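In: Curious how this folds, go ahead:
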Amino acid sequence: MTTTTSERGAAAEAVAPEPSPAARRFVDELVRVHGSLTYRGLPDAVIGEPLCRLEGYGDGLVTLCVRQSQLPERYLRGVLGFRLAQFLMTGLMDVELAHRRGLSHEPPVEPTGPETIHTVTLTETGKIVGYLGFVGSPDPEPLPLDAPERGKFPVEVAHHVELLSRYASPERDTHHVYEIKRFIRDRGMERGMQRDRVPWHLILAVGRMAVATGIEVILGDSGERGALRHLRLVGIDLEVVEDTMPSLPRTELMWPSYLVGRDKLAKPFVGPVPGVEPYMDAIEMGLVADKDEHWQDKALARLVELHTKAGTLEALA
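Out: Numbering: from 1, shown residues only. Have a look, this model is predicted:
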């Protein structure tokens, strides 16, 4: 059956049911508790060497990229609790479902393929203030990107699209591909320079990590002013699929995320990672060298200069 444009629009404009007072109280308390927790010992509790560690930039922040198995259970629960609290506050998660399940953190997912990579930014007090996840392929063994039997990534399932075959090559397989999930900064963080620097920490850390670990392609979905904007800025040539009709079953916490207006609806994207090193260098220079109130403007100017030289400035428009 063919779905018309008007039907797609109607689906996107639907709204999630209003949560019960009990569910709202449950979530308010969960947010309060997680907002009070600190994890000062997390950086030193990582098992083995982190995939990336950023610190010493004079902003009181430390950012770590680690595989899920590198986090002791206590700290993994803390990271997944931060994710749950933050996304419940955004309205993109089902408050009623979290209440019914009595969740204190997102349930950890045991991978069938490569492990999830967690990127976490903490303050000097150990408070988690930023997060970005990389989810690997469901394939237990690596397969070519155009293999009909390869497992689909969550974004492909939700948007009913196939994103990877166009990037197939002999040296790429599904274990070289990761999906970006849960990119967020603490919504309760006080405005100021430290708050502004959190997304830059996250992007720099995952860029360095992706290059070091041989990640070839990333995919995901985002609104135009979310991850899409950041990824284009750091030199990733993204292909965006328009006019999809995404949906998730109501057993999934994030199903309300697709019940938004068409102008805010997340779009699936995919793009190759190689070539981001100069952009990462420009971001790091901004974090290290610029400490005045115009530091972001200077960092952006460096990135724009790189895009101008590469002839990709139009991608930022």
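
In: where does the stretch 201-317 of the chain have low pLDDT?
Out: 315-317 (pLDDT under 70).

In: make it 90
Out: Low-confidence regions of the stretch 201-317 of the chain, defined by pLDDT under 90, span residues 223-237, 259-265, 274-275, 285-300, 307, 309-317.

In: Find the centremost residue of this protein, please.
Out: Most central in the chain under Cα atoms, centre = their mean is Phe183, positioned 3.1 Å from the mean C-alpha point.

In: Show me the contact partners of stretch 132-144.
Out: 83, 111-119, 149-154, 168, 172-184, 202-203, 206, 210, 215, 218 (Cβ atoms under 8 Å, 6 or more residues apart in numbering). Glycine gets a C-beta too; all of them are placed from N, C-alpha and C.

In: Just the buried subset of those residues, written out for ChimeraX, thanks.
Out: Selecting the buried subset of the contacts of stretch 132-144 in ChimeraX, with 16 or more other Cβ atoms under 10 Å as the burial test, is done by:
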select :83,111,113,114,116,117,118,119,150,152,153,154,172,173,174,175,176,177,178,179,180,181,182,183,184,202,203,206,210,215,218
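
In: Restricted to helices, list the contacts of stretch 132-144.
Out: Of the contacts of stretch 132-144, the ones assigned to helices by DSSP state H are Arg83, Pro154, Leu202, Ile203, Val206, Ala210.

In: how near is Pro199 to Leu265?
Out: As defined by Cβ to Cβ, to the nearest Å, Pro199 lies at a distance of 21 Å from Leu265.

In: The residue nearest to the centre of the chain and Gly226 touch, don't they?
Out: Yes. Counting by Cβ atoms under 8 Å, Gly226 is a contact partner of Phe183 at 6.9 Å.

In: Point me to the helix or strand that includes Pro268.
Out: Using DSSP states H and E, Pro268 maps to strand 267-272.

In: sorry, back to before: closest to Leu233 among the ones in helices among the contacts of stretch 132-144?
Out: Among the ones in helices among the contacts of stretch 132-144, Ile203 lies closest to Leu233 (Cβ to Cβ), at 8.3 Å.

In: which ones are touching the closest one?
Out: Neighbouring residues of Ile203 by Cβ under 8 Å, 6+ apart: Leu132, His230, Val234, Ile283.

In: And the residue lying closest to Lys291 once chain neighbours are set aside, how far from Asp281?
Out: In this structure, Lys291 finds its nearest non-sequential neighbour in Gly58, 6.5 Å apart by Cβ to Cβ, 6 or more residues apart in numbering. Relative to Asp281, Gly58 is positioned 18 Å away (Cβ to Cβ).
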